[in-house]
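> Build me a structure from this.
(one chain, ligands or ions: 2)
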Amino acid sequence: MEKLRVGIILGGMSSEREVSLNSGRNVHDNLDPEFFQGVPLFMDASGGIWEIPWQLVSQNTTVDIAERLTAEARRIPYEDLKGRIDFAFISLHGKYGDDGCIQGLLELLGIPYTGPGVLASALGMDKHIQQKILAAAGIGVPASMAVHDGEWRRAPEAVTERLLQNFALPFFIKPAREGSSVGVGKVAAADEIAGALEEAFRWDRVALAEEFLTGIEFSAIILERDGEIAPLDLTEIHPQSEFYTYDDKYMPGRCRKFTPPKNIPPEAADRIKQEARRAFEALGFRSYGRIDGFYLPDGRILITDPNSSSGMAPSSFFFEQAAAAGMLPAMIIAVLIENARAIHREKKGPL
Ligand SMILES: Nc1ncnc2c1ncn2[C@@H]1O[C@H](COP(=O)(O)OP(=O)(O)O)[C@@H](O)[C@H]1O
Ligand SMILES: [Mg+2]
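Numbering: from 1, shown residues only. Ligands and ions are numbered 1, 2, ... in the order given. Predicted coordinates:
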């Protein structure tokens with residue numbers, strides 16, 4: 001039997017390129033060699049794709065890899081990708097990676113890929129638009145307000161006043177489209193608004209202000225298997241910092257996680273899984289997704305951060321929850337590839 005040539009796309013152009021490197025490395029290491037031939041593909045900072053030898057995959061940072069590309073890797077023009085791989089495992093995160101851009105390119109090239117298509121990927125990235133869709137589906141979301149950078153530049157006093165009228169302190173400000181807590185800030189006093197907005201506008205032209213949620217933060221992975229959509233066991237998150245920051249997410253020992261949850265009652269955990277599944281379906285996600293939110297002290301469930309893709313490092317929620325369900329990493333990777341191939345066989349036009 002011919003092995004499926006699986007291009008693992010890692011690196012990329014977003015603030016999450018190091019996270020992507022960890023995900024891609026783990027995918028690469030867990031591809032079952034009996035069925036798959038892994039082809040590591042590094043996306044550089046300007047979107048160029050390079051086929052890299054596996055030794056380069058084990059480099060520490062994307063900068064280390066980028067320095068060695070010219071000498072050790074081979075640049076692959078987009079239109080030649082189809083000749084090199086049969087399938088794309090998208091291990092990119094963030095802008096241009098899980099927001100519909102690379103998905104659109106792969107559609108044009110006719111290469112099947114992991115995860116959902118262009119629209120659902122774009123929705124998964126956009127916290128402002130996804131909240132409207134979730135609310136329309138009757139799913140709980142935090143009270144929020146979008147601020148455009150243009151109106152902030154034109155009328156900062158009016159924007160500040162509007163925010164203070166609508167939100168009690170503290171509240172959150174974040175870029176509408178980012179990930180890994182990049183650009184997210186907690187505003188504890190009125191004089192912190194300007195700094196928080198400026199930080200959010202470094203990453204996007206739209207910032208989102210959100211009411212501050214208390215309670216227990218959770219992460220729910222939804223996985224399709226054999227055409228059935230099923231939630232894995234929930235993870236409860238207790239960050240070490242004031243909120244779940246980049247360092248809490250990726251530095252070892254910075255955050256306590258419980259799978260299954262320790263302080264969320266089983267009845268509520270079941271409701272959370274159902275809500276997460278409804279959010280997954282409302283946004284058109286496919287194959288798997290990570291739906292994050294808060295379980296509030298009054299028992300309400302609010303969805304704050306649905307992701308059409310998720311980190312895939314060994315310590316990620318995805319692998320942790322799959323392990324709790326008895327799934328080995330190689331099994332998960334195989335399921336995701338199988339899902340994607342089935343989804344692409346059935347599609348009519350772009351996914
Ligand atoms: N409205 C909020 N109330 C309380 N904490 C929040 C709120 N929004 C974000 N946070 C905290 O900030 C973290 C990152 O925000 P999130 O919206 O999940 O963005 P990202 O896509 O970068 O993960 C969350 O995991 C949570 O700890
Ligand atoms: Mg999040």
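
> What parts of the stretch 1-150 of the chain come near ligand 1?
Proximity of the stretch 1-150 of the chain to ligand 1, by CB under 6 Å from any ligand atom, involves residues P142. Just so you know, the C-beta spots here come from the backbone N, C-alpha and C atoms, and that holds for glycine as well.

> what number of residues lie near the closest residue to ligand 1 within the stretch 1-150 of the chain?
Residue nearest to ligand 1 within the stretch 1-150 of the chain: P142 (4.8 Å; CB to the nearest ligand atom). Here the number of neighbours of P142 (other CB atoms under 10 Å) works out to 20.

> just the one 4 residues further on next, same as before
By other CB under 10 Å, the residues close to A146 number 14.

> The nearest residue to it once chain neighbours are set aside sits in which helix or strand?
Spatial nearest neighbour of A146, excluding adjacent residues (CB to CB, 6 or more residues apart in numbering): H128 at 5.0 Å. In the assignment (DSSP states H and E), H128 maps to helix 127-136.

> Now do the helices in this structure.
Along the chain, counting by DSSP state H, helices occupy 17-29, 54-57, 62-72, 81-84, 101-109, 118-125, 127-136, 149-154, 156-166, 193-201, 246-250, 266-282, 317-324, 329-346.

> Make CSV out of those and add mean neighbour count and mean pLDDT.
Output for the helices of the chain, formatted as CSV (neighbours: other CB atoms under 10 Å; pLDDT from 0 to 100):
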stretch, mean neighbour count, mean pLDDT
helix 17-29, 23, 95
helix 54-57, 15, 93
helix 62-72, 14, 96
helix 81-84, 14, 98
helix 101-109, 19, 98
helix 118-125, 23, 97
helix 127-136, 18, 98
helix 149-154, 13, 98
helix 156-166, 14, 98
helix 193-201, 19, 98
helix 246-250, 18, 86
helix 266-282, 18, 98
helix 317-324, 21, 92
helix 329-346, 17, 96
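
> need the ones you listed in TSV with distance to G299, can you?
Below are the helices of the chain laid out as TSV (distance: least, CB to CB, whole Å):
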stretch	distance to G299
helix 17-29	33
helix 54-57	45
helix 62-72	43
helix 81-84	49
helix 101-109	37
helix 118-125	27
helix 127-136	19
helix 149-154	36
helix 156-166	24
helix 193-201	30
helix 246-250	26
helix 266-282	7
helix 317-324	23
helix 329-346	32
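
> now those helices in a markdown table, with distance to ligand 2?
Output for the helices of the chain, formatted as a markdown table (distance: least, CB to the ion, whole Å):
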| stretch | distance to ligand 2 |
| --- | --- |
| helix 17-29 | 12 |
| helix 54-57 | 26 |
| helix 62-72 | 21 |
| helix 81-84 | 31 |
| helix 101-109 | 20 |
| helix 118-125 | 11 |
| helix 127-136 | 9 |
| helix 149-154 | 22 |
| helix 156-166 | 21 |
| helix 193-201 | 15 |
| helix 246-250 | 8 |
| helix 266-282 | 13 |
| helix 317-324 | 10 |
| helix 329-346 | 21 |
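
> okay, the residue lying closest to L296 once chain neighbours are set aside: pLDDT?
Distances taken as CB to CB, 6+ apart place G215 nearest to L296, at 4.1 Å, with adjacent residues excluded. According to the prediction, G215 has pLDDT 96.

> give me the number of residues near G215?
Other residues within reach of G215, judged by other CB under 10 Å, total 17.

> who's in contact with stretch 113-120?
With CB atoms under 8 Å, 6 or more residues apart in numbering as the test, stretch 113-120 has contacts from 87-90, 98, 100, 102-104, 106-107, 121, 124, 283-289, 308-309, 336-337, 339-340, 344, 347, 350-351.

> So whichever strand in the chain runs longest, near ligand 1 or not?
For the chain, the longest strand by residue count, based on DSSP state E, is strand 216-225. Yes - interface with ligand 1: strand 216-225 contributes E217 (CB under 6 Å from any ligand atom).

> Kindly report the same for stretch 186-204.
No - residues of stretch 186-204 are not located near ligand 1 by CB under 6 Å from any ligand atom, the shortest gap being 7.2 Å.

> Distance from the chain centre to that stretch, please.
Here stretch 186-204 is found 23 Å from its chain centre; the criterion is CA atoms, centre = their mean, to the nearest Å.

> Lovely, talk soon.
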